[in-house]
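Engineer: coordinates only, sequence not included:
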């Protein structure tokens, strides 16, 4: 609403109505500003407050259980891995004139 302050109407009833409309608009905006400030305070408290770093162990366990359940459902719904059968590799044997060294590795270490 734009109101020309230099050219106000002379009718008092119209002026009263304009004042009521403007007052209602201001009150509505003030209420909205107050509500938004409260939301901001709650969000700041949740993010930066003393309790923001605390995590309820029961909530953590519940979240992990839900995660495990979701993972199990995904695994069950997927088909198993399909391994393509390969044809055996047919290599020619190494020539007899090559020197062969046998090396035994100890795997107990």
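Structural biologist: Structure's in. What do you need? Note that the structure is predicted; figures quoted are calculated from it, not measured. Numbers count the residues shown, from 1 in each chain.
Engineer: Quick one: residues contacting residue 86.
Structural biologist: Contacts were defined as Cβ atoms under 8 Å, 6 or more residues apart in numbering; by that measure residue 86 touches no other residue. For the C-beta atoms, the positions are set from N, CA and C on the backbone; glycine is no exception.
Engineer: Go ahead and report the secondary structure state at the residue of the chain positioned farthest from its centre.
Structural biologist: The C-alpha centroid of the chain is most remote from residue 97, which lies 66.0 Å away (Cα atoms, centre = their mean). Classification of residue 97 by DSSP: H, G, I helix; E, B strand; the rest coil places it in coil.
Engineer: Can you read off the backbone torsions of it?
Structural biologist: phi -80, psi -10 (degrees, to the nearest 10).
Engineer: quick one: it from residue 17, how far?
Structural biologist: Shown here: residue 97 relative to residue 17, a distance of 113 Å by Cβ to Cβ, to the nearest Å.
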